[in-house]
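> Need a 3D model of the sequence below.
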Amino acid sequence: MTYLLKKDGITTEVVHVADVRRLKQAGYEEVKEPDIGDLTVAELKDLAKKQGLEGYSTLNKADLIELLKGGK
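Just a heads-up that it's a prediction; the model follows:
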């Protein structure tokens, strides 16, 4: 599981629970990842691009979500 922690506008991705505890003690707050269904089409396309996926530019929201979840 990956945890997202944020402090002073900087988000850090953490894998180990011990690191999460240490960062929380240093003032970081845990950030919940947004539900993929709450993202806009533009945000979904940006996410697909960042993941190196192909063929996303003409997809609608439902198809983008399926692609990002590994369905296509």
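
> can you count the residues close to K24?
Close neighbours of K24, defined as other C-beta atoms under 10 Å, add up to 15. All C-beta spots, glycine's among them, are computed from the backbone N, C-alpha and C.

> before we move on, what about the one 5 residues further on?
Around E29 there are 10 other residues, counting by other C-beta under 10 Å.

> all helices for the protein, in order.
17-25, 41-50, 61-68 (DSSP state H).

> Deepest in the core, which of the ones you listed is it.
Neighbour counts (mean count of other C-beta atoms under 10 Å) averaged over each of the helices of the chain peak at helix 61-68, with a mean of 16.

> Show me how far that helix is from its chain's centre.
Relative to its chain's centre, helix 61-68 lies at 15 Å (C-alpha atoms, centre = their mean, to the nearest Å).

> what is the mean pLDDT for that helix?
Mean per-residue pLDDT for helix 61-68: 94.

> Show me what that helix is packed up against.
helix 41-50 (3 or more C-beta pairs under 8 Å, 6 or more residues apart in numbering; DSSP states H and E).

> Report the angle between the helix it packs on and helix 61-68.
Here helix 41-50 runs at an angle of 20 degrees relative to helix 61-68 (axes from the mean of the first three to the mean of the last three C-alpha atoms, to 10 degrees).

> Can you spell out which helices and strands pack onto helix 41-50?
Helix 41-50 packs on helix 61-68, going by 3+ C-beta pairs under 8 Å, 6+ apart.

> So what touches stretch 33-42?
Identification of contacts with stretch 33-42 by C-beta atoms under 8 Å, 6 or more residues apart in numbering yields 4, 44, 47, 60-61, 64-65, 68-69.

> and the closest residue to K6 other than its chain neighbours, what does it touch?
Nearest in space to K6, with sequence neighbours left out and distances taken as C-beta to C-beta, 6 or more residues apart in numbering, is V31 at 4.8 Å. By C-beta under 8 Å, 6+ apart, the contact set of V31 is 4-6, 11.

> Of the residues you listed, which belong to strands?
4-6, 11 (DSSP state E).
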